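Trainee: Give me coordinates for this.
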Amino acid sequence: MNIEELYKLWSEDPYFDEQTRKELLAIRDDKKEIEERFYRDLEFGTAGLRGILGAGTNRMNMYIVSRASAGLGKYIVSEGEEAMKRGVVISYDSRHYSPEFAEITARTLTAMGIRVYLSDELRPVPMLSYSVRYHKAFAGVMITASHNPAKYNGYKVYGEDGGQVPPEAASKILSFIEGIEDIRTVKADSLEDAKAKGLLTYWGEEVDIAYTDMLDKLVIDRHAILNQKDMSIVYTPLHGSGNKPVRRILEKIGLKNVHIVKEQELPDGSFPTVEVPNPENPAALSMAIDLAKKVDADLVIGTDPDSDRIGIAVRTKVDGNETYVPFSGNQVGVMLLDYILDSKKSAGTLPEGSFAVTTIVSSKLAGAICKYYGVELQEVLTGFKFIGERIKLDDEFGSKHFQFGFEESYGYLSGLDVRDKDAVVAAMLIAGMYAQSRERGQSLTDRLESIYERFGYGFEETVSITLEGKEGIEKIAGAMVSLREDLENCKNIEDAKKLLSGAPVVAVRDYQKSKRYVFTESGIEVEPIDLPVSNVLLYELGGDKGLDWACARPSGTEPKLKIYFGIYGNTRQGSSDKLAETKEKVTSSVKAKL
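Mentor: Here you go, the predicted model:
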């Protein structure tokens, strides 16, 4: 069907509910808005759906969720009776319509004879991942749009290992979804019928207890935590699903002086106290910082709606004045990496064959830290599913020992029982690191400075350019095409220096073509890249330590073109100045392509 036919169907056919019809009839004279809603099906990527709430094929609504669930169901049926019996675990966060989307997912799957375990209240991404493994289920579904603005929701699919569904399975699910040409053919049980069939089970407290006990076993330096049990910490769940699990684990390990931002404690899909519920944004922690000043807390912690990302702010002195400084995702990542490896090395519990995992756009200081402790560092593409995949291959089915994984976008993981980023375990680890620092007479700022002194100064930054709608998607795609055309026109290192307004490009990794182009005065050397195909261009910029870089990639979860930078040197000021210079050159070059 074309756009006009789809609009007519959705706004007139009795299959669609009255609210949907009213919403669509209200825009009948707005051709652009109709086009935005119906020019395509909401894209099902490697992890699922994410989009703006509303009526239409390019929006998140009950009908799109039921169609995706039917496609998932067809995939499970194709895998055989055992997969159907093992079934699907479902959870959801605090966003608008998350409970309703979780329920229609469950009812669609039970109508196909598939067993379902449905969370009895909102629970975060890491608990969904854990519960898939706990129930030995075949798959999982998490209803969330993570840290996106309130107008979004999403649908993430997980595999039997508890990690986001791998590309091959995602491709099969997508083909089944696309095979459902008429959305009106999708059927769903009533809740009563699903229960009567014995196919719908609710899960809750039993998993809460098991998950918290599992986290407790991952504590690093319990002695320091007990010695500092009265330290003051402020936590905000930002109206999301982290409230209960984060508070449970902090209490479990003995921390009693944890203060909650009451205005942000309870679930609310409108996220009324923040512009965006994203702890990457320092403004999201402003109310928590205000509370920290009142209760004399050095540490502020905030988690996003599905509690897979975590941000912190630390009390410190700047130019003689006491303030709270937010730490970047990279800074927290390298600090936790050093904390875990140092503590285990000192205790004699760091096994041979240990490894850590990070992403190609995360801090390169991770390499120096791992080398110091004799630990292998693996780099993967952006997306925690690739970190989960390395745990599965090299620890669960291999002979190596996973210690820690992180990505620059405020995602961290320790342990083997969760296979996605986990802000709950990260909150526990950060609190433990804070306790250890206090016991040593350090602040967390001191701890970070110690890492810089030992391994070199590393400063990273990310610029996100938001371009929503059909036109925005086209502009982002066009910019990446244009950047690749410039790369194709380079013949030697002098040409390469013109790629990014004079930034000193020495090599470029094109992950879409799986090639690394190394520039010399006489020409180009081409090397293969052994990672999955991805629409990413990473520019190597040399520098004092040979580690400087910049990168351009479309976000996989938001309508954004993301530009990353990393600069590494022996001095704070030199590295900081060079970051500012590089950021200006690279950003202007990329923006010129939009």
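
Trainee: domain ranges for the chain?
Mentor: For the chain, whose domains are defined here by automatic domain parsing, the residue ranges read 40-210, 227-301+311-324, 330-421, 458-591.

Trainee: Adding mean pLDDT, write those out as JSON lines.
Mentor: Compiled in JSON lines, the domains of the chain are given as follows (pLDDT from 0 to 100):
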{"stretch": "domain 40-210", "mean pLDDT": "96"}
{"stretch": "domain 227-301+311-324", "mean pLDDT": "96"}
{"stretch": "domain 330-421", "mean pLDDT": "97"}
{"stretch": "domain 458-591", "mean pLDDT": "93"}
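
Trainee: can you list those domains in TSV and add distance to residue 34 and mean neighbour count?
Mentor: From N, CA and C alone the C-beta is placed, and that goes for glycine too. As requested, the domains of the chain are exported to TSV (distance: least, Cβ to Cβ, whole Å; neighbours: other Cβ atoms under 10 Å):
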stretch	distance to residue 34	mean neighbour count
domain 40-210	8	21
domain 227-301+311-324	26	19
domain 330-421	33	21
domain 458-591	12	17
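
Trainee: I'd like to know which of those domains lies nearest to residue 449.
Mentor: Checking the domains of the chain against residue 449 by Cβ to Cβ gives domain 458-591 as the closest, at 8.8 Å.

Trainee: okay, how far is it across the closest one, tip to tip?
Mentor: Domain 458-591 has its terminal residues 25 Å apart, counting by Cα to Cα, to the nearest Å.

Trainee: again, but for stretch 266-276
Mentor: With Cα to Cα as the measure, what separates the two termini of stretch 266-276 is 16 Å.

Trainee: can you give me the offset of it from its chain's centre?
Mentor: In terms of Cα atoms, centre = their mean, to the nearest Å, the gap separating the centre of stretch 266-276 from the centre of its chain is 19 Å.

Trainee: from now on call the first residue 38
Mentor: Sure thing, new numbering starts at 38, so read that last one as stretch 303-313.

Trainee: List of residues touching that stretch?
Mentor: Under the criterion Cβ atoms under 8 Å, 6 or more residues apart in numbering, residues 130-135, 159, 184-187, 275-278, 280, 300-301, 314, 318, 320-321, 324, 342 lie in contact with stretch 303-313.

Trainee: try it again with 6 Å
Mentor: Where contact means Cβ atoms under 6 Å, 6 or more residues apart in numbering, the residues beyond stretch 303-313 that reach it are 131, 132, 133, 159, 186, 187, 276, 300, 301, 314, 321.

Trainee: what's the answer for stretch 557-564, then?
Mentor: 529, 530, 552, 553, 554, 555.

Trainee: Export these as JSON lines, with columns for distance to residue 433 and secondary structure.
Mentor: Conversion of the contacts of stretch 557-564 to JSON lines gives the following (distance: Cβ to Cβ, whole Å; DSSP: H, G, I helix; E, B strand; the rest coil):
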{"residue": "529", "distance to residue 433": "46", "secondary structure": "coil"}
{"residue": "530", "distance to residue 433": "44", "secondary structure": "helix"}
{"residue": "552", "distance to residue 433": "31", "secondary structure": "strand"}
{"residue": "553", "distance to residue 433": "30", "secondary structure": "strand"}
{"residue": "554", "distance to residue 433": "36", "secondary structure": "strand"}
{"residue": "555", "distance to residue 433": "36", "secondary structure": "strand"}
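
Trainee: between the residues you listed, which is nearest residue 356?
Mentor: residue 530 (41.8 Å).

Trainee: wait, what's in contact with the closest one?
Mentor: Taking Cβ under 6 Å, 6+ apart as the definition, contacts of residue 530 comprise 556, 557, 558.

Trainee: Could you find the closest non-adjacent residue to residue 354?
Mentor: For residue 354, the nearest residue in space outside its immediate sequence neighbours is residue 360; the separation is 7.5 Å by Cβ to Cβ, 6 or more residues apart in numbering.

Trainee: Now the one you found: which helix or strand?
Mentor: strand 358-364 (DSSP states H and E).

Trainee: now swap in residue 349 and tell me
Mentor: Under the assignment given by DSSP H and E, the secondary-structure element containing residue 349 is strand 347-355.

Trainee: what sits up against that strand?
Mentor: By Cβ under 6 Å, 6+ apart, the surrounding residues in contact with strand 347-355 are 316-317, 322, 326, 335, 337-340, 361-364, 447, 460, 463, 481-482.

Trainee: same deal with stretch 142-149?
Mentor: So stretch 142-149 is contacted by 103, 106-107, 110, 125, 127, 153, 155, 178, 224-226, 231, 236-237 (Cβ under 6 Å, 6+ apart).

Trainee: Quick check: what element follows the strand holding residue 360 along the chain?
Mentor: Helices and strands here follow DSSP H and E; after strand 358-364, the next one along the chain is helix 366-384.

Trainee: tell me what the next helix or strand after that following helix is packed against?
Mentor: If you walk from helix 366-384 toward the C-terminus, the next helix or strand you reach (DSSP H and E) is strand 391-396. Under the contact criterion of 3 or more Cβ pairs under 6 Å, 6 or more residues apart in numbering; DSSP states H and E, strand 391-396 touches strand 413-417, strand 438-444.

Trainee: try 10 Å
Mentor: Strand 391-396 sits against helix 366-384, helix 402-410, strand 413-417, helix 421-428, strand 438-444, with contacts defined as 3 or more Cβ pairs under 10 Å, 6 or more residues apart in numbering; DSSP states H and E.

Trainee: In the stretch 38-187 of the chain, mark out all the strands, start to finish.
Mentor: Counting by DSSP state E, counting those that start in this stretch, one finds strands in the stretch 38-187 of the chain at the ranges 85-89, 125-129, 153-156, 176-180.

Trainee: possible to save those as a markdown table with distance to residue 440?
Mentor: Putting those into a markdown table (distance: least, Cβ to Cβ, whole Å) gives the following:
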| stretch | distance to residue 440 |
| --- | --- |
| strand 85-89 | 29 |
| strand 125-129 | 27 |
| strand 153-156 | 30 |
| strand 176-180 | 25 |
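
Trainee: closest to residue 377 out of these?
Mentor: strand 176-180 (26.3 Å).

Trainee: Now tell me what touches stretch 380-388 from outside.
Mentor: The contact list for stretch 380-388, computed with Cβ atoms under 10 Å, 6 or more residues apart in numbering, reads 257-258, 261, 377-379, 391, 409-412, 437-438, 440, 469-470, 473.

Trainee: Tell me the gap between it and the middle of its chain.
Mentor: Using Cα atoms, centre = their mean, the distance from the centre of stretch 380-388 to the centre of the chain it belongs to is 29 Å.

Trainee: Span of that stretch from start to end?
Mentor: The straight-line separation of the ends of stretch 380-388 (Cα to Cα) is 12 Å.
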